[in-house]
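> Sequence and predicted structure are below.
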Amino acid sequence: MNNPLLTDELLPRFDHVRTEHMEPAIDQILSENRVKIQSLATQEDPSWHTLALPMQGLDDHLNNAWSVISHLNSVMNSDELRKVYKSCLDKLTEYSTELSQNETLCEAYKKLAARDDFSDLSQAQQKAIENTLRDFHLGGVDLPAEDKARYAELKMELADLGNRFSDNVLDATQHWNRHITDADELAGLPETALAGARQAAKQRDLDGYLITLDFPSFHPVMTYCDNRDLRREVYEAFVTRASDMGPDAGTWDNTPVMAEILKRRHALAQLLGFDNYAQRSLETKMARTTDEVLDFLNQLADKSKPVAQKDIEDLKAFARDEHGVDELEAWDIGYYSEKLRQQRYDISPETLRPWFPADKVVSGLFKVTERLFGVQIEAKTDCETWHEDVTAYCISRDGEPVAYFYLDPFARQGKRGGAWMADCRVRWRNLRGHVQLPVAFLTCNFTPPVDGQPSLLTHDEVTTLFHEFGHGLHHMLTQVDVADVSGINGVAWDAVELPSQFLENWCWHPDSLALIASHHETGEPLPQDLLDKLLAAKNFQAGMQLVRQLEFSLFDFRLHAEFTPDAPTNPLDTHRQVRDEIAVIKTPEFNRFPNSFSHIFAGGYAAGYYSYKWAEVLAADAFSLFEERGIFDPETGRSFLENILEKGGSREPMELFKAFRGREPKVDALLRQTGIASEAA
């Protein structure tokens, strides 16, 4: 069988990839790698060219097949693909643990690090070897045989549990819907949301409207629908997904899955000599201790909670005085917040939608990137993709390609919710001296075009696109030739959000908005009065938003830092404790937020969700230099490119930040940008 997953082509042949190709490709690569690793590990005098570089080649060959399989499982999910993915994941987990516990291979890397000419290697090469030795330790290479076996067992079980958690959330999200035939039940919804609901119903051969839990459907109901009973129904379905409560109670319940994940993470951490999984998590991050993280989060909470308290009191007073609502429920918050925003600033996300057609926003994003970093971005029409919505692009500099990416913008059945960037190919220079260019997957879940109208984005969706593209630029604009520290590889997890949150700032400046926004029918630019209102409303309820993110961060970190196997805390109880301490919004008892918190139970953010806030401090401080010099200042853009984006994980993030900013980061810029500092004062 000619397997398209086994070729060395830079851009995958998606038209040719079939489910039956996947497991044979993984089996063949793993089998070949095991044989080659045995030979590499037993050489007498290992060097960079005889050990580290060939090992990167083996890793890259595997990644090039697995990245495609993993991506398709996320964006074109089916029962058949899910089964194959699970089987491959088990094999990869076993292989990864086997590799990290290979004592002979570890000793070979130690010999390489001890060579007299080690200091002659590039900084990136040295960092890659240091990271590899660290990862051997974190992978259990030092453990006695019995503990190694237990470690391997725990890793396999955790991979299975994380995958099960993710599948449960997807199934619960896509199972629930509400069919509505009476348009009066949807009074208040903007036409874009109604058109989407009509299209969703039509796709299932139904009359009327269909409300689902996909964000482009769920969010407008919670924000605009006058029908309080329907808001409550949709809210309850959303916050009880994959739990023991709500309309699908017990069907895809993640409660036992979370308990088993926490138990195994703690056991794994203790095997490695850590007190808890939070300590283990920090081994690959900028923050050094659990106290440092908790102090950081609590200090931000102390500064922001009074502002959040004022936000919620203002909202309660508005709902009571203007609308006669004595008691605000959780399903009322978004609805009355939007009405207060409209009264206070005379603007709504729906007002702005016509000025943010998806095609214009994408082209504007590219223009911003081109001006900042001196590159050119063009669509590549001769590439195979996995869906008709997907477009491939080439990034070039001075006429030479430097990277490629795929943009998959719209929500659809079988596609996981949210937005993310993932690597398809990693930049590195192989044994023959050939540089493999980086390739990225950029995935969002925006409302697709409806009834001949283009996809029109909210401003929040515009910032989401910029955020994910910031991750993409970190991956794609790297100039590091060592795969292990190229792009986002090897970057401390609490610094990896720096480029993404940094790029969001260009969604708020008049000079960059001029490139992003124009009316989808007339082409006219965003009117000055709307621009003024957008900027005036930027920090609306910023206190509530910051406290909400701190709630998630503290819940995640405390959950992992305070876990005890003898008396394991129910995640719901930890969440309630954190909410009681810092939250300003009351939520109902049936709320089961942890059950769908995929970032920490099925993603890479376990005991690391605080990274969003940590990196936001870096991003705000980095952008403050552009505020001083001009948001398109070429010298500052070149400095960010050369000191942050191009360096990847080849140096410690604090070194890179100081090289760009000239000093260590300060929290002042974040508090100023969000309006927290002035409100607190």
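Arrived safely, thanks for sending.

> how close does the spatially most central residue of the chain get to residue 593?
Most central in the chain under Cα atoms, centre = their mean is residue 420, positioned 4.6 Å from the mean C-alpha point. According to Cβ to Cβ, to the nearest Å, residue 420 and residue 593 sit 20 Å apart. From N, CA and C alone the C-beta is placed, and that goes for glycine too.

> show me the contacts for the residue nearest to the centre of the chain.
Shown in contact with residue 420 (Cβ atoms under 8 Å, 6 or more residues apart in numbering): 443, 468, 471.

> Which of those residues fall in helices?
Among those, DSSP state H puts 468, 471 in helices.

> In the contacts of residue 420, which residue is surrounded by the most others?
Within these, residue 471 tops the neighbour count with 25 neighbours, counted by other Cβ atoms under 10 Å.

> Looking at this structure, which strand is longest?
As assigned by DSSP state E, the longest strand anywhere in the chain is strand 400-410.

> Parallel or antiparallel, list what pairs with that one.
Sheet pairing of strand 400-410 (DSSP bridges) gives strand 391-397 (antiparallel), strand 439-446 (parallel).

> so which of the ones you listed is the most packed in?
Greatest average neighbour count among these goes to strand 439-446 (a mean of 23), per mean count of other Cβ atoms under 10 Å.

> Can you pull out the residues in contact with it?
Against strand 439-446 from outside (Cβ under 8 Å, 6+ apart): 10-11, 67, 71, 74-75, 214-216, 358, 403-411, 415, 417-425, 455, 457, 461, 464-465, 468-469, 472, 475-476.

> Please check those residues and keep the buried ones.
Among the contacts of strand 439-446, the ones that count as buried by 16 or more other Cβ atoms under 10 Å are 11, 67, 71, 74-75, 214-216, 358, 403-411, 415, 417, 419-425, 455, 457, 461, 464-465, 468-469, 472, 475-476.

> before we move on, back to that, can I get the longest strand of the chain in PDB, CA atoms only?
C-alpha atoms of strand 400-410 as PDB (Å, rounded to 0.1, in the frame of the first residue of the first chain):
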ATOM      1  CA  GLU A 400      11.600  32.900  -0.500                       C
ATOM      2  CA  PRO A 401       9.100  30.600   1.400                       C
ATOM      3  CA  VAL A 402       9.700  30.500   5.200                       C
ATOM      4  CA  ALA A 403       6.600  28.600   6.300                       C
ATOM      5  CA  TYR A 404       3.100  27.400   5.400                       C
ATOM      6  CA  PHE A 405      -0.200  27.100   7.300                       C
ATOM      7  CA  TYR A 406      -3.700  25.900   7.000                       C
ATOM      8  CA  LEU A 407      -6.700  28.000   8.200                       C
ATOM      9  CA  ASP A 408      -9.900  26.200   9.200                       C
ATOM     10  CA  PRO A 409     -12.200  29.000  10.400                       C
ATOM     11  CA  PHE A 410     -15.800  27.700  10.800                       C
END
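
> so how far is it from its chain's centroid?
Here the centre of strand 400-410 is set off from its chain's centre by 17 Å, with Cα atoms, centre = their mean, to the nearest Å.

> The nearest residue to residue 667 once chain neighbours are set aside and residue 662, how far apart?
Distances taken as Cβ to Cβ, 6 or more residues apart in numbering place residue 617 nearest to residue 667, at 5.2 Å, with adjacent residues excluded. Distance check for residue 617 against residue 662: by Cβ to Cβ, it reads 16 Å.

> Residue 377 now?
30 Å.

> go on, residue 344?
Applying Cβ to Cβ to residue 344 and residue 662 gives a distance of 39 Å.

> again with residue 196
48 Å.

> Those two - which one has more neighbours?
For residue 196 versus residue 662, neighbours defined as other Cβ under 10 Å are more numerous around residue 196 (25 against 9).

> I figured that one hits residue 217, correct?
Yes. Residue 196 lies in contact with residue 217 (Cβ atoms under 8 Å); the separation is 6.3 Å.

> Enumerate the beta-bridge partners assigned to the closest residue to residue 471 other than its chain neighbours.
Nearest residue to residue 471, sequence neighbours excluded (Cβ to Cβ, 6+ apart): residue 421, at 3.8 Å. Beta-bridge partners of residue 421, counted by DSSP bridges, are residue 442.

> Contacts only, for residue 421.
When contacts are counted by Cβ under 8 Å, 6+ apart, residue 421 touches 440-443, 468-469, 471-472, 475, 500.

> Quick check: it vs residue 500, distance?
Noted for residue 421: a distance of 8 Å to residue 500, by Cβ to Cβ.

> Also residue 459?
17 Å.

> got it, and residue 291?
As judged by Cβ to Cβ, residue 291 and residue 500 stand 27 Å apart.

> Out of the contacts of residue 421, the closest to residue 176 would be?
Among the contacts of residue 421, residue 443 lies closest to residue 176 (Cβ to Cβ), at 22.3 Å.

> measure that closest one to residue 418 for me?
Using Cβ to Cβ, residue 443 is found at 8 Å from residue 418.

> now swap in residue 233 and tell me
The spacing between residue 233 and residue 418, counted by Cβ to Cβ, is 23 Å.

> what's the answer for residue 102, then?
35 Å.
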